[in-house]
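Novice: Predicted model and sequence follow; I will ask about them next.
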Amino acid sequence: MKAVRIHEFGGSEVLNYEDVPDPELRKEHVVIRIRACALNHLDLWVRKGLPGVKLPHILGSDIAGEIAECGEYITDLKPGTRVLLSPMLFCGHCEQCNTGRQNVCPQFAVLGNNADGGNCELIAVPRVNVVPIPDSLTFTGAASVPLVFLTAWHMLVGNAKLRPGQTVLAMGASSGVGSAAIQIYKMLGAAVITTAGNEQKQAKARELGADYTIDHYKQKISDEVKRITNRRGVDVVFEHVGKATWAECIKSLKYGGTLVTCGATSGYDASIDLRVLFARQLSLFGSYMGGEGEFDEVLKHVFAGRLKPVVDRTFPLSETRAAHEYLAGSEQFGKVVVLP
Ligand SMILES: [Zn+2]
């Protein structure tokens, strides 16, 4: 099959479109013919070099396609069924897995990160990863769902325990997680303040349901939040930008507020004044993916059309280098997807 592999870490030039062996069908696995694979900032981090990535490596975590073949032990699925894949691999028998917290399993891995992913034509995965999708969802749309909706759901519902009537600051409306978070907040009855880098992106954020938008290049985020919330601050900050806006995020929290973060796109060495942390009684959560039960929960809303994947544009798999460069340039609103 064709695949985009890396043999070394580095810039987009290390992405090679090449022939690789087809995956082997094991008795307990399902082979998927991939029709779409969405990119995430995770792909850029993996390409640049993360611990635990074995070379050569196939990137790509968000996968949709059709079942090509089922292993001998798989009796409830048929070839031809349209599916998306849960991107998480886990042991299935530890204390964390048994309590539905697969994302803190000691053997936790993510397709495309510490296991081969979906920038290719075929992939073999365990049955538990395979989720049939409704006809209303295109392959491109389906591939745009898993990472961002699971991540945002776990952050807001699992960690921040978001409740109706709360006010949230969702950083980065144009990112995949940002556009998912805005929709989840609105569905759960919260007021949403979001940030975006130009008027066009702000207009799109309002279309998704944002109540207020802040231009993070022209306006000071914490000043705007204070103005909008009548000096109170927000209940929850949804963060993934990192160093560039960290101080503004902390300043935007109300007393007793919660910040939950899943990324550090602009840099990871941010700091906090501990006096602010304890005196203002803030809660800080780090978050990575979510549990399988949370994935099922958020997918119900996606399949019913209450939450919608936001797709910016697609590239052919053979042009994955250009897709990486486009994502790194932050011009997009929503997901960038490669098509084998
Ligand atoms: Zn486990």
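Specialist: Looks like it arrived, so ask away.

Novice: residues from the stretch 1-150 of the chain in reach of the ion?
Specialist: 90-91, 94, 97, 105 (C-beta under 5 Å from the ion). C-betas here are computed from N, CA, C, even on glycine.

Novice: Of those, which belong to helices?
Specialist: Per DSSP state H, helices hold the following members of those: residue 97.

Novice: Now pLDDT and neighbour count too, for the residues of the stretch 1-150 of the chain next to the ion, in CSV please.
Specialist: Supplementary listing: these in CSV, determined by pLDDT from 0 to 100; neighbours: other C-beta atoms under 10 Å:
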residue, pLDDT, neighbour count
90, 97, 23
91, 96, 14
94, 97, 16
97, 97, 20
105, 97, 20
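
Novice: Can you show me the helices along the stretch 1-150 of the chain?
Specialist: Taking DSSP state H, counting those that start in this stretch, the helices of the stretch 1-150 of the chain run over residues 41-48, 95-98, 139-143, 146-153.

Novice: Contacts only, for the spatially most central residue of the chain.
Specialist: Against the mean C-alpha coordinate of the chain, by C-alpha atoms, centre = their mean, the closest residue is residue 148 at 2.6 Å. When contacts are counted by C-beta atoms under 8 Å, 6 or more residues apart in numbering, residue 148 touches 40, 176-177, 179-180, 335.

Novice: Next: residue 21.
Specialist: If you count contacts by C-beta under 8 Å, 6+ apart, residue 21 has them with residue 1.

Novice: how about it, phi and psi?
Specialist: Main-chain torsions, residue 21, degrees, to the nearest 10: phi -70, psi 150.

Novice: quick one: pLDDT of it?
Specialist: In this model, residue 21 is scored at 96, pLDDT.

Novice: Any stretches of this protein with poor pLDDT?
Specialist: Counting by pLDDT under 70, the chain contains no low-confidence range.

Novice: Looking at strand pairing, list the partners for the nearest residue to residue 199 once chain neighbours are set aside.
Specialist: Excluding its sequence neighbours, the residue lying closest to residue 199 (C-beta to C-beta, 6 or more residues apart in numbering) is residue 215, at 7.6 Å. The partner list for residue 215 in beta bridges (DSSP bridges) reads residue 196.

Novice: List the contacts of residue 215.
Specialist: Contacts here follow C-beta under 8 Å, 6+ apart; on that basis residue 215 touches 195-199, 202.

Novice: Emit the PyMOL select command for whichever of those are buried.
Specialist: Under the burial definition 16 or more other C-beta atoms under 10 Å, those of the contacts of residue 215 that qualify are selected in PyMOL by:
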select buried, resi 195+196+197+202
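
Novice: how about the contacts of residue 215, which pair is most distant?
Specialist: Among these, the pair separated by the greatest distance (C-beta to C-beta) is 195 and 199, at 12.9 Å.

Novice: Tell me which two in the residues of the stretch 1-150 of the chain next to the ion are the farthest apart.
Specialist: Checking these against each other with C-beta to C-beta, the farthest-apart pair comes out as 90 and 94, at 8.1 Å.

Novice: Now do the shared contacts for those two.
Specialist: When contacts are counted by C-beta under 8 Å, 6+ apart, the set common to residue 90 and residue 94 consists of 105, 107.

Novice: Centre of the chain to stretch 7-15, how far?
Specialist: Mean C-alpha position of stretch 7-15 versus that of the full chain (C-alpha atoms, centre = their mean, to the nearest Å) differs by 22 Å.

Novice: How about stretch 68-79?
Specialist: Distance of stretch 68-79 from its chain centroid, counting by C-alpha atoms, centre = their mean, is 28 Å.

Novice: Show me the contact partners of that stretch.
Specialist: Contacts made with stretch 68-79 from outside it, assessed by C-beta under 8 Å, 6+ apart, are listed as 25-33, 66-67, 122, 127, 130, 132.

Novice: quick one, strands of the stretch 201-340 of the chain?
Specialist: Counting by DSSP state E, counting those that start in this stretch, the segments of the stretch 201-340 of the chain that form strands are 212-215, 234-239, 253-261, 283-286, 311-316, 335-339.

Novice: ok so, going back, so for residue 292, which of the helices of the stretch 1-150 of the chain sits nearest?
Specialist: Using C-beta to C-beta as the criterion, the shortest distance between residue 292 and those is 8.6 Å, found for helix 95-98.

Novice: Only the buried residues of that closest one, if you could.
Specialist: Residues of helix 95-98 classed as buried under the neighbour-count rule (16+ other C-beta under 10 Å) are 96-97.
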